[in-house]
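K.L.:
dropping a prediction and its sequence here:
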Amino acid sequence: MILFTCRYLSTILNIRKKVITMKNKKRVFIASSLSCALLLLSAANTEANSANKDSQDQTKKEHVDKAQQKEKRNVNDKDKNTPGPDDIGKNGKVTKRTETVYDEKTNILQNLQFDFIDDPTYDKNVLLVKKQGSIHSNLKFESHKEENNSSWLKYPSEYHVDFQVKSNRKTEILDQLPKNKISTAKVDSTFSYNSGGKFDSVKGVGRTSSNSYSKTISYNQQNYDTIASGKNNNWHVHWSVVANDLKYGGEVKNRNDDFLFYRNTRLSTVENPELSFASKYRYPALVRSGFNPEFLTYLSNEKSNEKTQFEVTYTRNQDVLKNKPGIHYAPPILEKNKDGQRLIVTYEVDWKNKTVKVIDKYSDENKPYKEG
């Protein structure tokens, strides 16, 4: 009886265990099914949101593109109506050429910019020539034992730039920069051309009119003066940059002073002429290093004339200061414009093709510029 009861109880327990297991499996199946459903629903929502976002982004992009295209059309329309920096009103344009010539013997460099202005409202050819480059100082200390004042200093007292039209009355110089005499340490001027052959110039850098073509000049000339000489006419213009009161260290002396850069010391000897003068690192920049010119010429040419030649000359004049080395009472000697070097270049302009070429070049020494 007891054995039967035990088997009965064991059977009941096994049945309950199977039922519980089946219920658990059912719960797991239901939970798994529910999780899959949730995942599918989430994926569907994500895809829908993504599609919606893509649609919004596409709409936004199309809106931005349309705005950009409209803005671009506005800019293009504006550009069509507003002259650019190289435009001269309607249908006008500028063609630029550059020629560079360096001469090793004189240590002078000519760099010329030729701007051909094509203005359909003007009955002549127009050309702006900007004369740039460098004229090195060629500062020298020399020893001349045969002389009592044996220590020499050669320094650039004057720089000259000369521009002339060669034998052609159909090409004329109508304007130039700079003009007259300028004594400021820095020179700034702006030339502006307007359609129809109108032109203007002002001091400083900047356009004089929003509808004009402008060209500026800017250079340093501390302790020097720029003088546009009286030789200027419709075919010839000349600029002189001349030393005035020269400042070095704590000293200020005029170019005409015999004691300019003078130094009296027992350290100086015939073999070391530089010790008879103030240290060169104290000298003004145009004495120590050289001059970088920027001069401008505005020309017109009759359209019946196809070619014109221009002669451009850069010159360096040198004063010579002569001192006696050592402690002494002998006065120094000043010789103005004692020496000079120049570079002369001939350029030919082809008005029809708007081209420039160098056709001749020569240089010489012991040729200081002299007025007249």
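P.N.:
Yep, that arrived.

K.L.:
C-alpha only now, for contacts and for neighbours.
P.N.:
Will do.

K.L.:
where does the stretch 101-250 of the chain dip in pLDDT?
P.N.:
Low-confidence segments of the stretch 101-250 of the chain, defined by pLDDT under 70: 204-211, 230-232.

K.L.:
mind running it again at 90?
P.N.:
Scanning the stretch 101-250 of the chain for pLDDT under 90 picks out 147-148, 180, 194-213, 229-233, 249-250.

K.L.:
starting at the chain centroid, how far to the host helix or strand of Asp364?
P.N.:
For Asp364, the element it lies in under DSSP states H and E is strand 355-365. Here strand 355-365 shows a centroid-to-chain-centroid distance of 25 Å under the convention CA atoms, centre = their mean, to the nearest Å.

K.L.:
show me what counts as buried in it.
P.N.:
Neighbour counts using 16 or more other CA atoms under 10 Å place Thr355, Val356, Lys361, Ser363 of strand 355-365 among the buried residues.

K.L.:
what residues are up against the closest residue to the last one other than its chain neighbours?
P.N.:
Nearest non-adjacent residue to Ser363, counting by CA to CA, 6 or more residues apart in numbering: Leu343, 4.4 Å away. With CA atoms under 8 Å, 6 or more residues apart in numbering as the criterion, the residues that contact Leu343 are Asp103, Thr106, Ile108, Thr313, Tyr314, Thr315, Lys361, Tyr362, Ser363, Asp364.

K.L.:
before we move on, back to that, out of the buried residues of strand 355-365, who's nearest Asn168?
P.N.:
Among the buried residues of strand 355-365, Val356 lies closest to Asn168 (CA to CA), at 16.5 Å.

K.L.:
show me the helices in the stretch 251-372 of the chain, by range?
P.N.:
For the stretch 251-372 of the chain, the helices defined by DSSP state H, counting those that start in this stretch cover 285-288.

K.L.:
shaky segments in it?
P.N.:
Applying pLDDT under 90 to the stretch 251-372 of the chain picks out residues 263-270, 325-331, 370-372.

K.L.:
now the strands: where do they sit in it?
P.N.:
Using DSSP state E, counting those that start in this stretch, the strands of the stretch 251-372 of the chain run over residues 251-254, 290-291, 295-302, 307-323, 333-350, 355-365.

K.L.:
format these as CSV; extra columns: distance to Leu153.
P.N.:
Shown next, in CSV, are those (distance: least, CA to CA, whole Å):
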stretch, distance to Leu153
strand 251-254, 16
strand 290-291, 15
strand 295-302, 29
strand 307-323, 5
strand 333-350, 10
strand 355-365, 17
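
K.L.:
Val237 and Val165 touch, don't they?
P.N.:
No - judged on CA atoms under 8 Å, Val237 makes no contact with Val165 at a distance of 9.2 Å.

K.L.:
with adjacent residues omitted, what lies nearest to Ile135?
P.N.:
Using CA to CA, 6+ apart, the nearest residue to Ile135 is Ile108, at 4.8 Å.

K.L.:
list the contacts for the one you found?
P.N.:
Applying CA under 8 Å, 6+ apart to Ile108 gives the contacts Tyr102, Gly133, Ser134, Ile135, His136, Tyr314, Arg342, Leu343.

K.L.:
pull out the buried members of the residues you listed.
P.N.:
For these, buried by 16+ other CA under 10 Å: Gly133, Ser134, Ile135, His136, Tyr314, Arg342, Leu343.

K.L.:
in its sheet, what does the helix or strand harbouring Glu158 sit against?
P.N.:
Using DSSP H and E, Glu158 sits in strand 151-165. Strand pairing for strand 151-165, determined by DSSP bridges: strand 140-143 (antiparallel), strand 236-243 (antiparallel), strand 307-323 (antiparallel).

K.L.:
just the angle between the next helix or strand after it and strand 236-243, please?
P.N.:
Later in the chain than strand 151-165, the nearest helix or strand by DSSP H and E is strand 171-177. Counting by axes from the mean of the first three to the mean of the last three CA atoms, to 10 degrees, strand 171-177 lies at 30 degrees to strand 236-243.

K.L.:
may I see the buried residues of strand 171-177?
P.N.:
Neighbour counts using 16+ other CA under 10 Å place Thr171, Glu172, Ile173, Asp175, Gln176, Leu177 of strand 171-177 among the buried residues.

K.L.:
can you tell me how far the last one is from Pro293?
P.N.:
Yep, that's Leu177 we're talking about. Distance, Leu177 to Pro293, using CA to CA, to the nearest Å: 11 Å.

K.L.:
and what of the second one?
P.N.:
The spacing between Glu172 and Pro293, counted by CA to CA, is 22 Å.

K.L.:
picking that back up, can I get the strand holding Glu158 in PDB, CA atoms only?
P.N.:
Extracted in PDB, the C-alpha atoms of strand 151-165 (Å, rounded to 0.1, in the frame of the first residue of the first chain):
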ATOM      1  CA  SER A 151      90.600 107.400 -47.000                       C
ATOM      2  CA  TRP A 152      87.700 107.700 -49.400                       C
ATOM      3  CA  LEU A 153      84.000 107.200 -49.100                       C
ATOM      4  CA  LYS A 154      81.900 107.000 -52.200                       C
ATOM      5  CA  TYR A 155      78.200 107.100 -51.500                       C
ATOM      6  CA  PRO A 156      75.000 107.600 -53.700                       C
ATOM      7  CA  SER A 157      74.100 111.300 -53.300                       C
ATOM      8  CA  GLU A 158      71.600 111.200 -56.200                       C
ATOM      9  CA  TYR A 159      69.500 108.700 -58.100                       C
ATOM     10  CA  HIS A 160      68.000 109.600 -61.500                       C
ATOM     11  CA  VAL A 161      65.300 108.000 -63.700                       C
ATOM     12  CA  ASP A 162      64.900 109.400 -67.300                       C
ATOM     13  CA  PHE A 163      62.100 108.400 -69.700                       C
ATOM     14  CA  GLN A 164      61.800 109.700 -73.300                       C
ATOM     15  CA  VAL A 165      59.900 109.000 -76.500                       C
END
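
K.L.:
cool, thanks, signing off.
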